[in-house]
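A.B. asks: predicted model and sequence follow; I will ask about them next.
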Amino acid sequence: MISKIKGNLVAKIVISLFVLFSVWWIGLGFMHLPKDSNANQLFAGVYGLVALIGGIFGMFISRKWGGIRSVMGRSIFFFALGLLFQEIGQIIYSSYIYFLHIPVPYPSIGDLFFYGTIPLYIIAILYLAQASGMHISLRSFRNKLQAVLIPLAILAFSYFIFLQNYKFDWSSPIKIIIDFGAPLGQAFYISLAILMYILTKNMLGGLMRNKVLVILFALLVQYAADWTFIYQANRGTWYAGGIDDYLYLCAYFLMALGLLQLKNIYARSEK
């Protein structure tokens with residue numbers, strides 16, 4: 001009972017922070033402040049607290065499931081580590097602004113952590129798929145066809161929406177690698193997550209299916225946030241505290257909430 005109350009308390013804190021930051025962000029829009037205002041910069045520097053809380057408590061929840069000794073524990077661990085990587089990237093971005101007093105370069109060291117989340121999420125989804133029995137469902141031809149068509153469709157959509165008329169600047173090859181490599185990784189983890197849910201929805205229990213759906217939605221929002229950032233960065237329209245930052249806040253909130261709810265499933269499974 002005590003652990004259950006603690007889990008609910010952390011979830012309430014995360015929800016309260018999300019509401020607080022949402023009101024703050026909406027307020028910034030109504031105030032029509034300059035894009036480089038201190039209020040915008042401060043918002044961009046602190047909303048990652050949601051990811052920090054979700055990552056830290058996700059690590060504890062992973063231990064409840066057996067940590068790296070269990071498939072589910074490993075999945076939760078890598079999801080939580082991905083959230084922590086996002087927060088480290090946020091901190092590095094804020095350091096450019098508050099300590100170095102220079103515009104945030106793209107790409108930067110912070111992007112190594114932002115996009116370092118991609119392989120972590122891929123690993124997490126693979127373990128979650130394994131725990132859900134996806135390897136059994138992939139036997140049919142229809143499911144194999146879905147495994148090919150879904151990532152191709154996502155890649156095509158991403159290219160035509162975000163990378164049409166892309167200007168190649170070979171003086172910055174790392175930027176080109178990120179702009180094209182990140183979408184491939186994101187398309188893979190989004191496709192894998194969608195496939196996992198479609199192919200295992202009849203195997204997952206009602207409680208588990210809803211929690212997986214929250215995590216899937218978090219990945220979709222993060223995908224939208226990453227693509228919005230690439231789109232704005234390439235056109236010089238990105239600024240701290242804009243729509244992109246709010247999308248990241250939503251992604252962190254959903255992922256943190258999804259991981260926190262997994263603790264309740266574990267508690268019920270012990271009874």
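C.D. replies: Yep, it's here.

A.B. asks: now residue 182: how far from residue 222?
C.D. replies: Per Cβ to Cβ, to the nearest Å, residue 182 is found 12 Å from residue 222. Where C-beta positions appear, they are placed from N, C-alpha and C, glycine not excepted.

A.B. asks: run through the helices of the chain in chain order.
C.D. replies: For the chain, the helices defined by DSSP state H occupy 2-31, 38-46, 49-64, 71-98, 109-132, 134-137, 141-158, 173-200, 206-235, 243-270.

A.B. asks: going by mean pLDDT, which of those helices comes out lowest?
C.D. replies: Lowest mean pLDDT of those: helix 134-137, a mean of 54.

A.B. asks: name the nearest residue to the most centrally placed residue in the chain, ignoring sequence neighbours.
C.D. replies: A centroid search over the chain (Cα atoms, centre = their mean) returns residue 222, at 4.3 Å, as the residue closest to the centre. Excluding the flanking residues, the one nearest residue 222 by Cβ to Cβ, 6 or more residues apart in numbering is residue 251, at 3.8 Å.

A.B. asks: pretty sure that neighbour sits against residue 221.
C.D. replies: Yes: counting by Cβ atoms under 8 Å, residue 251 touches residue 221, with 4.2 Å between them.

A.B. asks: of these two, who's got more company?
C.D. replies: More crowded of residue 251 and residue 221, by other Cβ atoms under 10 Å: residue 251, with 24 against 19.

A.B. asks: the more buried one and residue 190: what is the separation?
C.D. replies: Distance from residue 251 to residue 190, by Cβ to Cβ: 12 Å.
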